[in-house]
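Engineer: Next input, structure requested:
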Amino acid sequence: MKMSQPIHTSARAFFQQMMRKPLFKIREHGKYGFMDASGEVVIEPQYFEVEDFYNGFARVRLNDKPVPLDSLGRLLMKHVFNYVGHFEEGLARVRLVNKWGYIDTRGRIAIPITFEDASDFSEGLAAVRVDGLYGYIDNEGSFVIPAQFEWAGDFSLGLAPAIMDGQTGFIDKFGTFVIEPRYEHCFPFQDDEIAVFTQGAQWGFLNRSGQVLHPPAFDIFEGVPFGLFFDGMAQIVQRDRYGFVNKRGRIVIEPQYDFAGDFSEGLALIEQDGRFGYIDLQGRIVIEPQFEDAGVFSEGLAQVKVGGLWGFIDLGGKLVIQPRFEQVLPFRDGLAWVAYQGLWAYIDRWGDLVWREKV
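Structural biologist: You can find the predicted model right below:
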């Protein structure tokens, strides 16, 4: 009786399940590892520097070099690079000295390290630079769109921003401009079929047909994200006041707040007279500004600061986890990272400790 196929299938299913299983970074005695959602340690703390998992891999630093780590704790060390990107569509871009290529999820070089620059794969293509110009390759490393652009961005919704003769437009997967290059700079399309473009220190946006929905009129601040739509709304800044524009180009909440965060789960954080509260999509204040600080809603809860400590409220503004933590992060996959009495910990949505750093 042949047993190899069932065993192989079972092992593959187990690995795929582990790849999908959320893992959380933990710290013990100055070293980092990972636990699962139940608080069970699955990768012992042994690394001095690690990042969170993304698409099945976390990057750790060994001998001052980045190395991908899979969810079973295995290091991809067939080759060592100066830089390793995140895995997208099964490939990660890597840099060796000043040349770029790609590795697969087993750490093998999938596309030779020959490019002057390289971007992540998106919709089956990646922008790379050869002899100073950008084109697009497929996942086998073959050019699909010849190198001809001064810059090229990621594909999204079938289009990608690209620069020719100093101006940016959008190309299709044949390399043809379907939105003519006439903008200073453009960013890839978002899920709402909206793409942001800039002019000087202001931004506006257009739709997939190339129709400008709002001309550049919103301020850009260095190092601060802008033009990101959540729940169909984007935060805007005019004359140092914050408001919101919708995806049709209408300013639905006039700039009036000292600060505003992105919408999440139908509510957005706002600051008024030094206190933080929340508004709904119509601009109505649904949780009065009363907190010393606050964050975005995630999984039905948002972190708020009261009396110098952090707790969590629900969508109705009720404190469901009392403020007792020095630091917190938003909930993710049922848990929130907190700093409690100077130590790392994770809590569940009822505020119970799931894991705590050992002294």
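Engineer: From now on I want contacts and neighbour counts done on CA atoms only, so please keep to that.
Structural biologist: OK.
Engineer: how many neighbours does residue 185 have?
Structural biologist: Other residues lying near residue 185 total 19 when counted by other C-alpha atoms under 10 Å.
Engineer: quick one: it and residue 201 touch, right?
Structural biologist: No: using C-alpha atoms under 8 Å, residue 185 is not in contact with residue 201; the gap is 11.3 Å.
Engineer: Do you know the pLDDT at the residue nearest the centre of the chain?
Structural biologist: In the chain, the residue lying closest to the centroid (C-alpha atoms, centre = their mean) is residue 54, at 9.4 Å. With respect to pLDDT, residue 54 scores 96.
Engineer: That one: what's it in contact with?
Structural biologist: By C-alpha atoms under 8 Å, 6 or more residues apart in numbering, the contact set of residue 54 is 86, 87.
Engineer: Next one: it relative to residue 312, how far apart?
Structural biologist: Applying C-alpha to C-alpha, to the nearest Å, the value for residue 54 to residue 312 is 26 Å.
Engineer: Could you do residue 114 as well?
Structural biologist: On the measure of C-alpha to C-alpha, residue 114 and residue 312 end up 50 Å apart.
Engineer: Likewise for residue 350?
Structural biologist: 10 Å.
Engineer: Just want to know which of those two has more residues nearby.
Structural biologist: Regarding residue 350 and residue 312, a neighbour count based on other C-alpha under 10 Å identifies residue 312 as having more, with 28 against 11.
Engineer: And that one, which helix or strand is it part of?
Structural biologist: Residue 312 belongs to strand 309-314 when elements are defined using DSSP states H and E.
Engineer: Where does residue 216 fall, secondary structure wise?
Structural biologist: With DSSP H and E as criterion, residue 216 is part of strand 212-219.
Engineer: who touches that strand?
Structural biologist: Strand 212-219 has contacts (C-alpha under 8 Å, 6+ apart) with 197-199, 201-207, 236-238, 247-250.
Engineer: Report the distance from that strand to the chain centre.
Structural biologist: 24 Å (C-alpha atoms, centre = their mean, to the nearest Å).
Engineer: next one: stretch 86-93
Structural biologist: The answer for stretch 86-93 is 14 Å, by C-alpha atoms, centre = their mean.
Engineer: Regarding it, how distant is the last residue from the first?
Structural biologist: 7 Å.
Engineer: Hmm, residue 73 and residue 57 touching each other?
Structural biologist: No: if you go by C-alpha under 8 Å, residue 57 and residue 73 don't touch, sitting 9.4 Å apart.
Engineer: ok, the spatially closest residue to residue 46 that is not a sequence neighbour - how many residues close by?
Structural biologist: Leaving out its chain neighbours, the residue that sits closest to residue 46 by C-alpha to C-alpha, 6 or more residues apart in numbering is residue 31, at 5.3 Å. A total of 14 residues lie near residue 31 under the criterion other C-alpha under 10 Å.
Engineer: Pull up the gap between residue 31 and residue 230, please.
Structural biologist: Per C-alpha to C-alpha, residue 31 is found 36 Å from residue 230.
Engineer: How about residue 60?
Structural biologist: Taking C-alpha to C-alpha, one finds residue 60 at 31 Å from residue 230.
Engineer: Bridge partners for residue 203, pull those for me.
Structural biologist: Note on residue 203: beta-bridge partners by DSSP bridges are residue 198, residue 218.
Engineer: circling back to that earlier point, ok, the residue nearest to residue 46 - contacts?
Structural biologist: 45, 46, 47, 48, 49.
Engineer: How about residue 253?
Structural biologist: Residue 253 neighbours (C-alpha under 8 Å, 6+ apart): 243, 244, 245, 282, 283.
Engineer: Name the member of the contacts of residue 31 with the most neighbours.
Structural biologist: That'd be residue 45 among those, by other C-alpha under 10 Å, with 19 neighbours.
Engineer: Can you get me a residue count around residue 56?
Structural biologist: Counted with other C-alpha under 10 Å, residue 56 comes out at 22.
Engineer: ok, now how distant is it from residue 98?
Structural biologist: Residue 56 is 27 Å from residue 98, by C-alpha to C-alpha.
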